[in-house]
Each structure stands twice: as C-alpha cells, then as structure tokens.
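Enquirer: Here is a sequence with its predicted model. Questions after.
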Amino acid sequence: MDTELLRTFVTVAETRSVTRAGDVLHCSQPAVSRRLAQLEAAVGAQLFERVPTGMTLSAAGGRLLPYAQTALAALGDGLESVRSLRDGVSGPLTVAIVGTLASTSLTETLRALAARHPALDLRLRTSTSIEAIDLVRRGEATFGISYLFADGPALTSEVVFEEKLAVICAPDHPRANTTVRSLSQLRGERWLAFPVRERQPETSARHVHGILAAAGVGADAILIIDSLTAQKRLVEAGFGIALMQESGVTEELAAGTLQTIGLRAKAPRMAVTVTRRTRGYLSHAAQTLLDELRGADPRAIVRPRTDDALAIADPG
C-alpha cells in the first residue's frame, strides 16, 4: 500500500480537516480528498464522517489508525537505521518527556549526553505521560519518559529509576525540618497539587492524589495549581504544603527557600519509565541515551510491567 495514502489518512485524523491536512502535507485539498478516496477503495470501507466540527473517524477508520501509525513509524525506523550506519552518535533524536521531569536530575543526564556528543541533535518535547507514549507509537519520538507503562506487543516500557516524593513546606512552617510518623498526621494541612483531568490526565497527578486520599486528605483540603513553578512559589509563601519529587526542588532546598517535613514511614516513590517501539530500530545515539538512562540512578532496574504499575492499553 502506498505510504503517502497512509500518511494522508493519519494527518487528516490528527488535524480533523482536509484543508489543514493539505497545509501540513503541502498539497492541495483535492489531492488530499483523492488520496482518501483511494485508501477507502483499497480497504473497502469509509474511514471518515463529516460532522459540523470537521472530519471524525468512522468505526473502520478508528480500527485502522493505530496500525497506520505503526507502519509509518516502522518506515521511519528503517530509514534511521540506514542513516546511522555512517552517523554514529549524531543526528536528530526526539524524546518526549513529562513536564515535571524536566526540572529534575534527569535533565542533567540529558545535558551531559548532549555535551559529550556535540553532533547529536537532542530534541525534547514536553507532554503528559499518555501523550508521551502516543508520540512514541506514532513515530514522532524515539523514547517517551514518563510515569506510565504501555501494554501490548508494539510498545515496550521499562523502569529506569524511581523518584522519591517529599513533603515540601515553607521555611517558617511549624513542622519545617521535623519528622512525622506518616502523611496521615498532616491531613489537616492545606495541600497544593496538580489537577486530575478526565481529558489528557497526568499519571503523576493521579498518583499524588491517590497517596493523599489514602492518608485521609479530603479533596476540599487540596488547592489545585496547574504549574510546578507556581506550586513551589506558593509553598514558599506559606499557602500550603505539597508532595513533590525531591529532585525537582533541589535548588530551593539548597537555598533554604523550601524545607521538608520528614516521614518515619517509607517515603512514597514514583517509578519513571522509558517507552519505545518494541520492534523499532535504535540508532547508536538512541542506544547510548537508553544506556545513560538505565544508569542514571543506582536503584535503576529493568523489569516488565507489574501488577502495581500504572498501565494503558496499546492497540498495536
């Protein structure tokens, strides 16, 4: 099957518009429509329905989409494998990373890799965990670094390290630099946390809300703040406390603008995973980065999905 037909189909599905798809593909609207008609004739089914808001996938189109994305990603992997024979640790390498991880020690690993290999064009895209995995599935990113496992034969996820979560407070908070038995002793505090959205949810936010709920913290005691920087500044100002990745507040703790409340119980942790296409080609640059990530923390482990891990279904 002509890959241009599949590329056109995927682009229309993503843009929900024949006109916008033409702009992305640099071809005319009639050309896009002809390609869709050719593909529909080849598969023997209508792939789209026209609705007031644009083009929406039919049942057949919804079934075809993940396979079309996988086929295009596989083609991209094949071309990359040929290029890497001569390029070594060089060329573009796209990594989708959850926004909150961009402020942790993980960025130092990425920075050091780029410094050692100046010919490497490391491209980072921030996203939610679900979006990161979807970018990998579509072939728009080689790796997705997130808090989520992807199930299914087309994608492989592994844990590369675990992030320790710490209770963060203002320096003048009564419990600053003290220790409590467990989080339940702090259920009367005002907490700051990310929102848990139904659309495009972030796994780390859901995990934090689950930990707080288990400690007896009610939803009415949580102030929703949709920005990590804003959360830190508000905690500094005494508007509440928060459960955050410890490595994400290293600078503030060193400067003394934030303090921690210790826990006698085992500190909660959050697994950080790397997702890639199972049969996708890993260039020398990609394999080098994966090895770096696996060695980023002395507690790093590689394991398949476990029962207590968060997971999403992979249609591939």
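Expert: Received the coordinates, thanks.
Enquirer: and the one helix or strand Ile168 maps to, which strands flank it?
Expert: Assigned by DSSP states H and E, Ile168 belongs to strand 155-169. Note on strand 155-169: by DSSP bridges, its sheet partners are strand 241-245 (antiparallel), strand 259-263 (antiparallel), strand 269-277 (antiparallel).
Enquirer: The nearest residue to Gly218 once chain neighbours are set aside: how many residues sit nearby?
Expert: Spatial nearest neighbour of Gly218, chain neighbours left out: Arg187 (7.8 Å); criterion: CB to CB, 6 or more residues apart in numbering. From N, CA and C alone the C-beta is placed, and that goes for glycine too. Around Arg187 sit 14 other residues, with neighbours defined as other CB atoms under 10 Å.
Enquirer: And for Leu223?
Expert: Neighbour tally, Leu223, other CB under 10 Å: 14.
Enquirer: repeat for Ala215
Expert: Count around Ala215 with other CB under 10 Å applied: 16.
Enquirer: got TSV for the strands paired with strand 155-169, with distance to Thr203, mean pLDDT and mean neighbour count too?
Expert: Shown next, in TSV, are those (distance: least, CB to CB, whole Å; pLDDT from 0 to 100; neighbours: other CB atoms under 10 Å):
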stretch	distance to Thr203	mean pLDDT	mean neighbour count
strand 241-245	13	93	25
strand 259-263	22	95	19
strand 269-277	9	91	23
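Enquirer: closest one to Ala286 among those?
Expert: Closest of these to Ala286 is strand 269-277, at 7.9 Å (criterion: CB to CB).
Enquirer: helices or strands next to the next helix or strand after that closest one in the packing?
Expert: Counting by DSSP H and E, the next helix or strand C-terminal to strand 269-277 is helix 284-294. Applying 3 or more CB pairs under 8 Å, 6 or more residues apart in numbering; DSSP states H and E, we find helix 284-294 packed against helix 59-87, strand 91-98, helix 106-116, strand 143-146, strand 155-169, strand 269-277.
Enquirer: ranking the ones you listed by mean pLDDT, which is last?
Expert: Confidence, taken as mean pLDDT, is least for helix 59-87 of the helices and strands packed on helix 284-294 (a mean of 76).
Enquirer: Check the offset of that helix from the chain's centre.
Expert: Its chain's C-alpha centre and that of helix 59-87 lie 20 Å apart, by CA atoms, centre = their mean, to the nearest Å.
Enquirer: quick check: angle from it to strand 155-169?
Expert: On the basis of axes from the mean of the first three to the mean of the last three CA atoms, to 10 degrees, helix 59-87 is oriented at 90 degrees to strand 155-169.
Enquirer: buried set for helix 59-87?
Expert: 61, 64-66, 68-73, 76-77, 80, 84 (16 or more other CB atoms under 10 Å).
Enquirer: so what's His209 up against?
Expert: 193, 196, 222 (CB atoms under 8 Å, 6 or more residues apart in numbering).
Enquirer: May I have the beta-bridge partners of the first one?
Expert: I take that to be Ala193. Here Ala193, judged by DSSP bridges, has bridge partners Ile224.
Enquirer: For Ala119, see how far away it is.
Expert: According to CB to CB, to the nearest Å, Ala193 and Ala119 sit 41 Å apart.
Enquirer: cool, Ile168 as well?
Expert: On the measure of CB to CB, Ile168 and Ala119 end up 39 Å apart.
Enquirer: With Glu14 instead?
Expert: Taking CB to CB, one finds Glu14 at 31 Å from Ala119.
Enquirer: Quick one: distance of stretch 147-167 to the chain centre.
Expert: Distance of stretch 147-167 from its chain centroid, counting by CA atoms, centre = their mean, is 10 Å.
Enquirer: in it, what counts as buried?
Expert: 147-150, 152, 154-161, 163, 165-167.
Enquirer: ok, now stretch 33-53?
Expert: For stretch 33-53, using 16+ other CB under 10 Å, the buried residues are 35-36, 38-40, 43, 47-48.
Enquirer: my read: His173 touches Thr260, true?
Expert: No: contact criterion CB atoms under 8 Å: His173 and Thr260 do not qualify, at 10.0 Å.
Enquirer: three-state assignment of Val196?
Expert: Three-state call for Val196 (DSSP: H, G, I helix; E, B strand; the rest coil): coil.
Enquirer: Per-residue pLDDT of it, please?
Expert: Taking Val196 on its own, its pLDDT is 85.
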